[in-house]
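Colleague: sequence and computational prediction follow.
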Amino acid sequence: MPDPAVYYNLLGQLYFQIGDTKESAINHSKALKRNPFLWDSFQELNKMGANVRVKAIYKLAKESSGFALGNDTTEGFDSRDPFGEASTNVQPIKSFPKTIDETPKSRRLHFEIVNYEESEAYFQKLRKVDSTRIEDMEYYSTLLWHLHKDVELCHLAHEVLNIDRNAPQSWVVVGNLFSINREPDEAIKCFRRATQLDEKHSYAYTLQGHEYVSNDAYEHALECFRFALLMDPRHYNALYGIGMVYLKLGNFNKAEFHFRKALDINPINVILICCLGMMLEKLGQRENALHQYELACKIQPLSALALFKKAQLLLSMEQYGAALSDFEHLATIAPDEASVHYLLGQLYKLANKKQDAIKQFTIALNLDPKGSQLVKEALEGLSA
């Protein structure tokens, strides 16, 4: 579990970048209340001219039964979840952008917390206002990659190359286009071209590393991720990449370490939280893993990944009632996932709801005919 002081410090920085000094000050204050030795938040408050009551802060530190400084475990945390304010802190961002310069910052905030729909809306608005903009287009291209929008990504690649072929961002966009078309070797060439144009472009090194991972070239991947961190020590994407390499190599302890390091930098990214949960499951810490998935679901209630991991773990822990509730909800937000309907059918079968089980197994069969044998066996089990 990331240090909540780091979480509020990060929000303070992000709000300041988009021009909302009031919310920035509020979140830096919250950070200091949880960690009075967080000098960065103290400095930022003073820069904004806030009236920092030093005695009050240190009095709170003595009286509070709060969290251990730099705590990386779930011990010492309020069972009500210290990140319960995350959703309310993020929601007001919808009304923030007033100028062109503010919009990309809002987009980056949504992108970093994996709120792709909001991020895409901001990017579209930005490109309507400034269709020749190159800055930040590398992140927009990755967003389109995540959303599987290959046609839009193709158009973007064509446009940025026409605007500036010598911009590293342009080659990152083209690299993502090759990547979405499953041409990793060509993608690597493009990302390498981006780093030749800007040797400090950490994001291009990281994307290059991910392509090496897809080619099972793990040593080359680690080299790229480490080089990205050399260029930018706070580049959490590279730490995530290293974690994924160690996951594939079966070194779960090292994977957990790097996912935690990434979460120290970006503590409200649901993918990172779920990755940490996966590692905790692998290490036999199922209760701690469940806590991570619950946290991810609270930060992003519509995250199919977070809810699926939580429901799947509940099922394996034989908490069938809770698992059934989650899978029913999941079926509404991820209706095209055959595995969701198959597992929901299994839970209905356990609950002796035969007709509901048949319905879910049938949906699963229609969505994924390749799994027909598995589904047919489940259906035969109902009639037995």
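Modeller: In hand now; what should we look at?
Colleague: next, the contact list for residue 204, please.
Modeller: Shown in contact with residue 204 (C-beta atoms under 8 Å, 6 or more residues apart in numbering): 138, 168, 171-172, 175, 191-192, 194-195, 198. Glycine gets a C-beta too; all of them are placed from N, C-alpha and C.
Colleague: I'd like those residues laid out as a markdown table, including secondary structure and neighbour count.
Modeller: Formatted as a markdown table, these follow (DSSP: H, G, I helix; E, B strand; the rest coil; neighbours: other C-beta atoms under 10 Å):
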| residue | secondary structure | neighbour count |
| --- | --- | --- |
| 138 | helix | 25 |
| 168 | helix | 22 |
| 171 | helix | 27 |
| 172 | helix | 30 |
| 175 | helix | 30 |
| 191 | helix | 31 |
| 192 | helix | 16 |
| 194 | helix | 25 |
| 195 | helix | 23 |
| 198 | coil | 16 |
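Colleague: closest one of these to residue 253?
Modeller: Of all the contacts of residue 204, residue 253 sits closest to residue 191, with 29.5 Å by C-beta to C-beta.
Colleague: just list the residues touching that closest one, thanks.
Modeller: Neighbouring residues of residue 191 by C-beta under 8 Å, 6+ apart: 171-172, 175, 204-205, 207-208, 211.
Colleague: quick check, residue 311 in contact with residue 326.
Modeller: Yes. If you go by C-beta atoms under 8 Å, residue 311 and residue 326 touch, sitting 3.6 Å apart.
Colleague: so, low pLDDT: which residues of this protein?
Modeller: 1-12, 14-20, 36-39, 49-116, 384 (pLDDT under 70).
Colleague: pop the domain breakdown of it in here.
Modeller: Domain assignment for the chain by the TED database gives 4-57, 103-216, 233-318, 335-383.
Colleague: reformat these into JSON lines and put distance to residue 224 next to each item.
Modeller: As requested, the domains of the chain are arranged in JSON lines below (distance: least, C-beta to C-beta, whole Å):
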{"stretch": "domain 4-57", "distance to residue 224": "25"}
{"stretch": "domain 103-216", "distance to residue 224": "3"}
{"stretch": "domain 233-318", "distance to residue 224": "8"}
{"stretch": "domain 335-383", "distance to residue 224": "32"}
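Colleague: just to revisit the earlier point, quick one: the contacts of residue 204 as TSV, columns for distance to residue 43 too.
Modeller: Below are the contacts of residue 204 laid out as TSV (distance: C-beta to C-beta, whole Å):
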residue	distance to residue 43
138	30
168	32
171	37
172	33
175	38
191	36
192	38
194	34
195	33
198	30
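Colleague: tell me who's in contact with residue 310.
Modeller: When contacts are counted by C-beta under 8 Å, 6+ apart, residue 310 touches 290, 293-294, 296-297, 326.
Colleague: just send those back as CSV, with distance to residue 379 too.
Modeller: Conversion of these to CSV gives the following (distance: C-beta to C-beta, whole Å):
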residue, distance to residue 379
290, 31
293, 30
294, 33
296, 33
297, 31
326, 23
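Colleague: just give me the closest of the residues you listed to residue 241.
Modeller: residue 296 (19.5 Å).
Colleague: re the thing from before, the more surrounded of residue 311 and residue 326?
Modeller: Counted by other C-beta atoms under 10 Å, residue 311 and residue 326 do not tie: residue 311 has more neighbours, with 26 against 23.
Colleague: how much space between the more buried one and residue 220?
Modeller: 36 Å (C-beta to C-beta, to the nearest Å).
Colleague: now swap in residue 160 and tell me
Modeller: Computed as C-beta to C-beta, the residue 160 to residue 220 distance reads 26 Å.
Colleague: of these two, give the one with the bigger neighbour count.
Modeller: Remark: of residue 160 and residue 220, residue 160 carries more neighbours, 24 against 16, as counted by other C-beta under 10 Å.
Colleague: nearest spatial neighbour of that one, skipping sequence neighbours?
Modeller: residue 170 (4.3 Å; C-beta to C-beta, 6 or more residues apart in numbering).
Colleague: where do the helices sit along the stretch 151-300 of the chain?
Modeller: 168-180, 184-197, 202-214, 218-231, 236-248, 252-265, 270-282, 286-299 (DSSP state H, counting those that start in this stretch).
Colleague: output those helices in CSV; the columns should cover distance to residue 156.
Modeller: CSV is the format used below for those (distance: least, C-beta to C-beta, whole Å):
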stretch, distance to residue 156
helix 168-180, 6
helix 184-197, 13
helix 202-214, 15
helix 218-231, 23
helix 236-248, 20
helix 252-265, 27
helix 270-282, 23
helix 286-299, 29
